[in-house]
Each structure stands twice: as C-alpha cells, then as structure tokens.
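Participant: I need the structure of the sequence given here:
(one chain, ligands or ions: 1)
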Amino acid sequence: MSATATSPASAAVLETRGLTKSFRGFTAVDDVDLSVQEGHIHALIGPNGAGKTTVFNLLTKFLPPTRGEILYRGKPITSLKANQIARLGLVRSFQISAVFAHMTALENVRVALQLRLGTSFHFWKSEKTLDHLNERAMALLDEVGLSEYADTLTVEMPYGRKRALEVATTLALDPVMLLLDEPTQGMGAEDVDRIVALIKRVSKGRTVLMVEHNLSVVSRLCDRITVLARGAVLAEGDYASVSNDPRVREAYMGSAENDAEKARASA
Ligand SMILES: Nc1ncnc2c1ncn2[C@@H]1O[C@H](COP(=O)(O)OP(=O)(O)OP(=O)(O)O)[C@@H](O)[C@H]1O
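Facilitator: Got it, this is the predicted structure:
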C-alpha cells in the first residue's frame, strides 16, 4: 500500500525513532528507525543475536527502551503498557501460554472474547449473551480453520493447530495490527504452509509485523522486510532487494561462521 502524496507520514501504523536498548552497557538495539506501513505484512529478519527479539519486546512493551520513541499512527506510545497498546489495537500473538491447555478450543476463544468485552459477571448470566458469544467464537474458529476442533481440549490438539487457536484468540481482541513472534517456529512443512495461508487470510484489512527466521515464509508473505544486524538496521526493502543485497548476504554468512567458530571452541 503506498502513501499518498499529500500525507506520506500518515500511512505508517507503527514507527520507531532512534529506538535503543542497552543491557548493562551492551547495546542490543542501536538507534533503530522502523516504519510499518498500513496494510503491510512487514518482517523483521537478521542473523542470530541481531536484536530482533529485543526490538519485538520493545514494541510489545515487554521491555522499556533505553532511548528513542515508539509511535502508533503518529502518536507517541513509548510509555504505554502492554494492556494499553492492546486496547489501541496492537496485539501480540504466538505466545503458547496465551491459551489454556485444559479448556476446549471453543472455550478458549470465548474467554478471549469475554476479556475484550470485559463486562461484569452478572452480564454473562444472560442466555442470550452466551449464545451470541458462542456464535462469534465459532465464527472465529472457522476463520482459522478449526471448526472441527471446537470441542477438543487444547492440550490434545496438534502443535500447528494450537498456534492457529492462538490466532483465533488474538482475533477475538479485534486487532488493528498483529505482532507475531516467529509464527512458524518448530513447525513441519505442512503446518508452515497452513500458517502462511492463515496469516495471509487474517492480514486482510490489518497490518502485520512479524519476526521470522524462515526466509521462505518471509518471501511468500511479506511486503517489506527490515534486516537487522548487530542491533542496527542493515537493509530494508522487498524480498528481492534485501535477498540480493551483498551486505545482507555477508551478515548471514558472518553469523554462520561465528556459530561454527563457537561450536568448534566448545567441542
Ligand atoms: N536481557 C538481556 N541481557 C543481556 N543481553 C541480552 C538480553 N537480551 C538480549 N541480549 C543480547 O542482545 C543481543 C540481541 O539479542 P536478541 O535476542 O534480540 O537477538 P535475535 O536477533 O532475536 O536473535 P535470535 O535470532 O538468536 O533469537 C544478543 O547479543 C543477546 O545476547
């Protein structure tokens, strides 16, 4: 989606300016300027230790920055807490703890819907309200392809399906923007394909920022990619441009060499 000529800044949903995080003198994230455009699926990639998780944790308020600013639709949100940005529509997904193992898939989505509505217990005693909730929860399960798992205990669901359930519980919060932390981590090829299709589907009308190691997933899904190396932005662009960038190739190779060196040293 391109910015209009008159208001180029207004198309950014999430931005950072000079975002920096130091851990006892070690700068893990160094002066990062990021701009995620409305409607994009944007990936944060980079070799091991590049600072991806730290940036993600800063954006989702799991960590406070040492310096810099975070803006949502042009307004500073640097000092807001995770629940406050969730209320603005910025919702983090893919935390396996976000679903309750001993509840069914349907119950999990219903709890997420109740959390969003946040109304009193008394309110939930109405049969009509409960019916409405069940309907909405079933629709969300259907959206992520889990209708047939509605009455299955989460603990008994295959790993890939649990992650799809997390997407359903996230959608229950009605996000404007989804923040996904390694959505295909630990998955086999079949589950990866399913999650790719799912992210494509649920990204319609939304903005997505994801940290992802699997470059094939990134190439299939993402409109824009920011490559981090040693805490700083090394390159940015679409998949073709960043994957052909010699600096990006070198950063990945360098990290592979470092890993090999570490492995040799510890052998
Ligand atoms: N709490 C912390 N205390 C000290 N150093 C940290 C902390 N968290 C991260 N780091 C360091 O910051 C750097 C960036 O780490 P981060 O986990 O953000 O990288 P990453 O790109 O997500 O890596 P990976 O792909 O391996 O998950 C690393 O050198 C890491 O050791």
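
Participant: now residue 15: how far from residue 177?
Facilitator: 12 Å (CB to CB, to the nearest Å). Where you see a C-beta, it was placed from the backbone N, CA and C, and this is true even at glycine.

Participant: could I get the full set of helices for the stretch 1-150 of the chain?
Facilitator: Per DSSP state H, counting those that start in this stretch, the stretch 1-150 of the chain carries helices over the ranges 52-59, 82-88, 105-117, 127-143.

Participant: go on, the stretch 151-267 of the chain?
Facilitator: 159-171, 189-202, 215-221, 239-243, 246-266.

Participant: what's the most buried one of the ones you listed?
Facilitator: Of all these, helix 159-171 has the most neighbours on average by mean count of other CB atoms under 10 Å, namely a mean of 22.

Participant: contacts for that helix, please.
Facilitator: Where contact means CB atoms under 8 Å, 6 or more residues apart in numbering, the residues beyond helix 159-171 that reach it are 91-96, 98-99, 105, 108-109, 111-112, 140-141, 143-146, 149, 154, 157, 178, 183, 186-188, 190-191, 194-195, 198-199, 202.

Participant: what of stretch 238-249?
Facilitator: The list of residues contacting stretch 238-249 from outside it, by CB under 8 Å, 6+ apart, reads 45, 215, 218-219, 222-225, 227, 229, 234-237.

Participant: quick one: residues contacting the closest residue to residue 179 other than its chain neighbours.
Facilitator: Nearest residue to residue 179, sequence neighbours excluded (CB to CB, 6 or more residues apart in numbering): residue 92, at 4.5 Å. Listed by CB under 8 Å, 6+ apart, the contact set of residue 92 reads 60, 82, 86, 170, 179, 180, 181.

Participant: can you flag the buried ones in the residues you listed?
Facilitator: 60, 86, 170, 179, 180, 181 (16 or more other CB atoms under 10 Å).

Participant: now stretch 239-254, how far from the chain's geometric center?
Facilitator: 23 Å (CA atoms, centre = their mean, to the nearest Å).

Participant: and for stretch 69-81?
Facilitator: The answer for stretch 69-81 is 17 Å, by CA atoms, centre = their mean.

Participant: can you give me the buried ones in that stretch?
Facilitator: Within stretch 69-81, the residues that count as buried by 16+ other CB under 10 Å are 70, 71, 72, 73, 77, 78, 80.

Participant: contact partners of that stretch?
Facilitator: Here stretch 69-81 makes contact (CB under 8 Å, 6+ apart) with 9-10, 12-19, 58-59, 61, 65, 68, 84-85, 88, 90.

Participant: next one: stretch 224-231
Facilitator: With contacts defined as CB under 8 Å, 6+ apart, stretch 224-231 is touched by 27-30, 32, 34, 36-37, 40-47, 49-52, 54-55, 218, 233-239, 242, 245, 247-248, 251.

Participant: what pLDDT, on average, does it get?
Facilitator: The average pLDDT within stretch 224-231 is 97.

Participant: which residue packs closest to the residue positioned nearest the centre of the chain, ignoring adjacent ones?
Facilitator: Per CA atoms, centre = their mean, the C-alpha nearest to the average position across the chain is that of residue 180, at 1.5 Å. Of all residues not flanking residue 180 in the chain, residue 210 sits nearest, at 4.0 Å (CB to CB, 6+ apart).

Participant: nice, that's everything, thank you.
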